[in-house]
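**Q** Pasting a predicted model and its sequence here:
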Amino acid sequence: MLFDTHTHLNADQFETDCAEVIERAKQEGVSRMVVVGFDRPTITRAMEIIEEYPEIYASIGWHPVDAIDMTEGDLNWIASLTKHPKVVALGEMGLDYHWDKSPAEVQKVVFRKQIQLARKLDLPIIIHNREATNDVLAILEEEGARDVGGIMHCFSADWEAAKRTLDLGFYLSFGGPVTFKNANETREVAKNVPLDRLLIETDCPYLSPHPYRGKRNEPARVKLVAEQLAELHQLSLEELAEITMRNANQLFRI
């Protein structure tokens with residue numbers, strides 16, 4: 001049984017066939033999923049999805065690309081929604097230096113506020129990092145994120161960054177890119193991550209694994225990620241599934 005720890009089933013790309021996508025995932029052995037909300041519309045939709053599907057949980061937060069739009073009212077709203085028993089984490093949050101909609105300094109302030117909220121609520125956090133590894137890790141260290149732990153989602157940095165992330169008590173989650181033909185460094189990092197800190201995800205509808213690269217991703221394809229990690233760690237798919245399921249359940253307290 002597989003646990004896809006990062007989906008965006010709340011994205012517009014699933015508006016017409018979300019139920020079918022979830023059913024296909026079940027048929028491939030995906031028995032649990034987390035849907036991630038990162039702004040007002042996607043958080044609202046995530047809360048609807050977890051009410052409808054017993055096997056789906058939510059993480060809610062504010063994406064760094066849209067940090068400039070977040071208000072104190074938004075933060076208070078997120079905090080109020082965490083009372084729902086199926087909201088198991090805060091995020092995705094973090095830093096994204098690829099897009100320039102939100103200035104870096106604004107992103108950092110919003111990131112710090114969300115870590116502080118997570119510590120207050122005692123919830124793990126899901127981290128988005130794009131081209132900002134050193135700053136992300138520095139803020140996690142400075143804000144005491146070790147106290148709540150969490151996931152470095154869709155990990156793609158080098159082994160030095162992996163070690164700093166592990167030192168914070170975080171899990172490293174791998175998605176479709178670990179299957180890409182040119183992802184030798186990511187595979188080498190994944191191979192060295194301790195099994196008790198390893199998670200799998202799709203980040204669907206994005207980052208579809210090989211041989212579906214470039215197509216809409218969906219939770220059923222987390223199986224391809226699991227197969228790649230099982231091969232790297234010289235385990236059976238069943239063993240890898242059991243390990244990552246246990247890790248996710250422990251982190252999310254399910």
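**A** That came through fine.
**Q** which helices and strands does the longest helix belonging to the chain pack with?
**A** Ranked by residue count under DSSP state H, the longest helix found in the chain is helix 104-121. With contacts taken as 3 or more C-beta pairs under 8 Å, 6 or more residues apart in numbering; DSSP states H and E, helix 104-121 sits against helix 72-81, strand 87-96, strand 125-130, helix 133-142. C-beta here means a position set from N, CA and C on the backbone, and glycine is covered the same way.
**Q** after the last one, next one along is what?
**A** What that stands for is helix 133-142. Per DSSP states H and E, the first helix or strand lying C-terminal to helix 133-142 is strand 150-152.
**Q** you'd agree Leu224 is up against Thr179?
**A** Yes: look at Leu224 against Thr179 with C-beta atoms under 8 Å: they come within range, at 5.9 Å.
**Q** Find residues that contact each of the two.
**A** Taking C-beta atoms under 8 Å, 6 or more residues apart in numbering as the criterion, Leu224 and Thr179 both touch 209-210.
**Q** so where do the helices sit in this protein?
**A** 18-27, 40-52, 72-81, 104-121, 133-142, 159-167, 184-192, 222-232, 237-252.
**Q** winner for burial among the ones you listed?
**A** Burial of the helices of the chain is given as mean neighbour count (mean count of other C-beta atoms under 10 Å); helix 222-232 ranks first at a mean of 22.
**Q** Need the per-residue pLDDT for Asp100.
**A** pLDDT recorded at Asp100 is 88.
**Q** Same check on the one 3 residues further on?
**A** The confidence metric pLDDT takes the value 97 at Pro103.
**Q** surely it meets Ile68?
**A** Yes: counting by C-beta under 8 Å, Ile68 is a contact partner of Pro103 at 7.1 Å.
**Q** Please name the residues that touch Asn249.
**A** 3, 32.
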